[in-house]
Each structure stands twice: as structure tokens, then as C-alpha cells.
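> Make a model of this:
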Amino acid sequence: QVHLVESGGGLVQAGGSLRLSCAASGRTFHVYAMGWFRQAPGKERDFVAAISWSGGSTYYADSVKGRCTISRDNAKNTVYLQMDSLKPEDTAVYFCTQYLGTGWAYRLYEYDYWGQGTQVTVSS
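Numbering: from 1, shown residues only. So this is what the prediction gives:
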């Protein structure tokens, strides 16, 4: 069983920045890709970004490309999401997730473990 705990959410004005963190338990963090999804009220949970096990490859949704950076520190079992130039439409609960397959994924159902989420609210 893997436990994922997100932190770093909060209230920020449009144009501001936030850095989300996700701490993972277990000894296999460095083996698997990690991802971030987000869910706005009344909407589906959508893919935001993913990073390969080594950190050498990253993937982004078009809606955040150029504004977000995913990274990981395997020595600390932690994955990060740096979000810049935030917009009100970025308001959502952000979830960290781990993919136990080969490579990476962007579909919700392909991910195996999920954190509880951290709220990000962007005011206009």
C-alpha cells in the first residue's frame, strides 16, 4: 500500500504562483511515474501533468503547458507541481497519483494510488 499526501495548496491571486508537494510512502517511489490531476466543483477529474520514474520525461495538459512544471526528488520520495501565472480557472482540488504501469499515463483509470488532494483557489 502506498500513501500519498499532498500539501502546498491555498488561496492566491490571479497571476500568482503556488508549489504543490506530494510525499509518498514506500520503497518503490523511484520506480514509477507520478502524476497530478485536478477536479473543479461539478466537473470531472482531469489530467494536469505526469513525470517519468527518472524525472527525465514530463508531460502536460494543454491547459497548463508553459505555466506548470512537474518535478520529483526520488531521494525524498516527493513529487512537485510548480504552478505559475495562475488563473481563476485553475481553481480545483489537486490530486497526486502514482502509475504502476510501464512508461506513463494520462487517463484517470490507469492510475493506482491517490492522495486526498489539496485545494487551490485562484481569485480574480
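> What segments of the protein are strands?
4-7, 10-13, 18-24, 33-39, 45-51, 58-60, 68-73, 78-83, 92-99, 113-114, 118-123 (DSSP state E).
> Among these, which comes closest to Arg107?
For Arg107, the closest of the strands of the chain is strand 45-51, at 7.5 Å, according to Cβ to Cβ. Placement of C-beta: from N, CA and C, glycine included.
> ok, residues contacting that closest one?
Identification of contacts with strand 45-51 by Cβ atoms under 8 Å, 6 or more residues apart in numbering yields 33-39, 57-61, 63-64, 68, 70-72, 79, 81, 94-95, 99, 104-108.
> Report the contact partners of the residue nearest to the spatial centre of the chain.
Nearest to the mean C-alpha position of the chain, counting by Cα atoms, centre = their mean, stands Trp36 at 2.3 Å. Applying Cβ under 8 Å, 6+ apart to Trp36 gives the contacts 20, 22, 48-50, 70, 79, 81, 94-97.
> That one bridge partners, please.
Beta-bridge partners for Trp36, by DSSP bridges, are Ala49, Cys96.
> Span of stretch 115-124 from start to end?
Across stretch 115-124, the terminal residues are separated by 28 Å (Cα to Cα, to the nearest Å).
> I meant to write stretch 36-47 there.
6 Å.
> likewise stretch 83-97?
Stretch 83-97 has an end-to-end distance of 17 Å (Cα to Cα).
> List the buried residues in that stretch.
83, 86, 90-97 (16 or more other Cβ atoms under 10 Å).
> Take the contacts of strand 45-51 and, keeping just the buried ones, write it as a ChimeraX select command.
Those of the contacts of strand 45-51 that count as buried under 16+ other Cβ under 10 Å are selected in ChimeraX with:
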select :33,34,35,36,37,38,58,59,60,61,64,68,70,72,79,81,94,95,99,104,105,106,108
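> mind putting the strands of the chain in TSV, mean pLDDT included?
Putting the strands of the chain into TSV (pLDDT from 0 to 100) gives the following:
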stretch	mean pLDDT
strand 4-7	98
strand 10-13	98
strand 18-24	98
strand 33-39	97
strand 45-51	97
strand 58-60	96
strand 68-73	98
strand 78-83	98
strand 92-99	97
strand 113-114	96
strand 118-123	98
